[in-house]
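Asker: Model the following, please.
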Amino acid sequence: MHPPSRQDYVAITLGQRSGSYNNGKQWRRQSCWRKWKQLSRLQRSLILFTLVLLLICGFASYPSITEHLRAGEAETEAAHPLAPHVLPEPAKLGQLPLPPRAEQPSKRKLSNREGPPSLQNLQQKNVNVSNTIEDKAGNAKKEGDDKGVISWRGAVIDTEQGTEGDKDGDAKDDTVVKQEEQTVKESEADWLEAVKDSFRHAWQGYKDFAWGHDELRPISKSYSEWFGLGLTLIDALDTMWIMGLKTEFEEAKAWVETELSFNKNVDVNLFESTIRILGGLLSTYHLTGDSLFLDKQYKDIGSRLMPAFKTPSKIPYSDVNIGKGTAHPPRWTSDSTVAEVTSIQLEFRELSRLTQDPQYEAVVAEVMNKVHKLDGKLDGLVPMFINTNSGQFTHQGIFTLGARADSYYEYLLKQWLQGGKKERRLSTSHRGSEEKSGAETSPNGFTFVGELSHGQFSPKMDHLVCFLPGTLALGTHHGLPRTTWTCQTDDGDLLPNVQANGNGLSPEIVHFNMHQGSVRDIEVKLADRHNLLRPETVESLFYLYRFTKDHKYREWGWEILQNLINIQGLRWKLAVSTGGYTSVNNVRDPDYPSPRDKMESFFLGETLKYLYLLFSDDFNLIDLDQYVFNTEAHPLPIWPSAAV
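Answerer: Sure, this is the predicted structure:
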């Protein structure tokens, strides 16, 4: 069925208006014409202008017409209207949204030109559920039941259920509720499969166009290099193992065994190499028990990163040449960021524990000791930069929980967990962040984390800060005092992920309105509208669901996954789907978000992994009493002395 053309739409509208005329319409037409002629030219012009303006507004308010006008061409298939309270169906990658199918396609291996099949099937189930509920509500209405109903997780429930009626009626209502609860469970099981299919689709693009290289370029169907070490492949190893994708895992393992070599004359970033490569190999070894990842790989990369610590202050340089064994700061500064030098401890400590070589733990412990003794903090908050020559903070007076400082606070907690809950330095930092950086928006009073600059509060928040609710929940789970923020995250604060955006994706940075009388809570500046497929929001949703079992966190995660899929469609007139997933430049534009042609390795290593764990009912899958995630979502074991 083809969508109506502009001419069809106008004809229908005018026909509806003219249908109300009676038998005297000829006389009325003449009378109206005389009155029209009596008007001045200015009056007639104003009336015509108003009518034209109303007609244009009518077109703009009709979504399907607007879509086709912007696209400039008629599509071959019409979008299926959604039932109320049902999340939009993710578009089949490479096509516009399709109507629900009568039957599910059989399980099969994805080609690189297809979207995840389980995503295509879910709307059929959701629409059927909604229709069932609507029919039941409609039948109740016909029977004369005027009692109010409320919606709970998609189910329509009588507000007076259980207070009146006979036993048979009550039993029937209970059955309905149980059926709806069962439907929710089945839908969430489908969500889990949808994440796996999304991974398969992205992996197929990487395999076809970027195999063995660092990053996939899904639009140009090519690759880009950062270090030339297969970052995406290594980052995704433990994700495939956790998801049970054994075929894909074995393919990647074979590449690690035969192709991966660190004997290269290449500069790598100490922090990124540690959390992605060393962390990924450590995690894969622990999950699989395969000595390949122990003997050949992470011992090698760990030793090659050690020259970074040969500085006057023992604060490591940011860059290491792993072939030459030399290290240096960036060309433009002698500073390192605080997050980089304080977010490598989990990996180096675990490397010492496994190899029985204390040098790795010693160098990162020295860094933490120096940072803890430095002046320039504000109630535990730290500046963003530290000089590798002097060992002192630079750019003092500026404090953020976002870029360049974020994982410092994360690793304070996680080192404490990893090592037996003996390092109790984290409490002042988290209390300081709560007292100094927290604020509320106007008009809706959302809690957010801002920044401090020389005593002045700035209502700016990076998407990176969305790790904080999960970190606070993790601390509470392990016995730390329940903070104010932890309570507020139960109501969804600190996670303003999809508000005020054209396509449901979060921007990299937002600014919050705090002035009374503000119309919108969030403003997004032009330079901050990009989305890199980051994991921080779904990371926190995973922790919050694990500890509260509140299904709203799963529902939010499912909405995020759908938005990630939808934004990869033909709304750009680009077959991005044939290559995988891409970052975008403008989340505020639903029709052309300006793709970046880049899939970050952490999309497979973190984002999809946390979504999978969020939707999994197996809480023993990466038990949070036995594992702690590094800042790249690679699970490392909690040492036996700390086991619960």
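
Asker: rest of the way, CA atoms for contacts and neighbours
Answerer: Fine.

Asker: If we go by neighbour counts, what in stretch 289-296 is buried?
Answerer: The neighbour-count check on stretch 289-296 (16 or more other C-alpha atoms under 10 Å) flags 292-294 as buried.

Asker: from the residues you listed, which ones fall inside helices?
Answerer: Of the buried residues of stretch 289-296, the ones assigned to helices by DSSP state H are Leu292.

Asker: List the contacts of His286.
Answerer: Listed by C-alpha atoms under 8 Å, 6 or more residues apart in numbering, the contact set of His286 reads 636-637.

Asker: Now for Val382, how many residues are close by?
Answerer: 28 (other C-alpha atoms under 10 Å).

Asker: One more: the one 10 residues further on?
Answerer: For Gln392, the neighbour count with other C-alpha under 10 Å is 18.

Asker: Could you do Glu555 as well?
Answerer: Neighbourhood size, Glu555 [other C-alpha under 10 Å]: 18.

Asker: What of the one 10 residues further on?
Answerer: Look at Ile565: counted by other C-alpha under 10 Å, it has 22 neighbours.

Asker: Out of the buried residues of stretch 289-296, which is nearest to Ser540?
Answerer: For the buried residues of stretch 289-296, the closest approach to Ser540 (C-alpha to C-alpha) belongs to Phe293, at 29.0 Å.

Asker: Nearest residue to the closest one in space, ignoring adjacent ones along the chain?
Answerer: With sequence-adjacent residues excluded and distances taken as C-alpha to C-alpha, 6 or more residues apart in numbering, Phe293 is closest to Tyr285, at 5.3 Å.

Asker: Now do the buried residues in the helix or strand containing the one you found.
Answerer: Take DSSP states H and E as the rule and Tyr285 turns out to sit in helix 279-288. For helix 279-288, burial by neighbour count (16+ other C-alpha under 10 Å) applies to 279-287.

Asker: Report the next helix or strand after that helix in sequence order.
Answerer: helix 292.

Asker: how far away is Thr631 from Gly445?
Answerer: 30 Å (C-alpha to C-alpha, to the nearest Å).

Asker: what residue ranges in this structure score low on pLDDT?
Answerer: Applying pLDDT under 70 to the chain picks out residues 1-35, 37-38, 58-173, 175-186, 296, 423-438, 483-503, 569-578, 641-644.

Asker: so what are the domain limits for it?
Answerer: For the chain, the structural domains run 1-13+44-78, 117-186, 210-642, going by automatic domain parsing.

Asker: May I see those organised as JSON lines, with distance to Asp197 added?
Answerer: Output for the domains of the chain, formatted as JSON lines (distance: least, C-alpha to C-alpha, whole Å):
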{"stretch": "domain 1-13+44-78", "distance to Asp197": "24"}
{"stretch": "domain 117-186", "distance to Asp197": "7"}
{"stretch": "domain 210-642", "distance to Asp197": "10"}
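
Asker: any idea which of the ones you listed is most buried?
Answerer: domain 210-642 (a mean of 20; mean count of other C-alpha atoms under 10 Å).

Asker: Where do the strands of the stretch 501-644 of the chain begin and end?
Answerer: In the stretch 501-644 of the chain, the strands defined using DSSP state E, counting those that start in this stretch lie at 509-512, 522-523, 627-629, 635-637.

Asker: I'd like to know which of the ones you listed is closest to His477.
Answerer: Proximity to His477 (C-alpha to C-alpha) singles out strand 627-629 among those, at 12.5 Å.

Asker: residues in contact with the closest one?
Answerer: Residues contacting strand 627-629 (C-alpha under 8 Å, 6+ apart): 414, 417-418, 635-638.

Asker: Can you pick out the most distant pair from those?
Answerer: Between any two of the contacts of strand 627-629, the greatest separation by C-alpha to C-alpha is 12.5 Å, found for Leu417 and Pro635.

Asker: ok, Ser334 touching Gly391?
Answerer: No - contact criterion C-alpha atoms under 8 Å: Ser334 and Gly391 do not qualify, at 10.5 Å.

Asker: Overlap in contacts, these two.
Answerer: Here Ser334 and Gly391 have no joint contacts, going by C-alpha under 8 Å, 6+ apart.

Asker: what's the distance between Thr631 and Ser407?
Answerer: From Thr631 to Ser407 the distance is 7 Å (C-alpha to C-alpha).

Asker: overlap in contacts of these two?
Answerer: Ser343.

Asker: Indicate which one of the domains of the chain is closest to Trp203.
Answerer: Here domain 210-642 is closest among the domains of the chain (C-alpha to C-alpha), at 7.5 Å.

Asker: Now do the contacts for Leu401.
Answerer: With C-alpha under 8 Å, 6+ apart, Leu401 has these contacts: 409, 433, 449, 451, 465.

Asker: quick one: which of those residues is nearest Leu305?
Answerer: The closest of these to Leu305 turns out to be Tyr409 (C-alpha to C-alpha; 23.2 Å).

Asker: same for the one helix or strand that closest one maps to, what does it pack against?
Answerer: Using DSSP H and E, Tyr409 sits in helix 406-418. Secondary-structure packing of helix 406-418 (3 or more C-alpha pairs under 8 Å, 6 or more residues apart in numbering; DSSP states H and E): helix 338-341, helix 345-355, helix 426-437, helix 468-477, strand 627-629.
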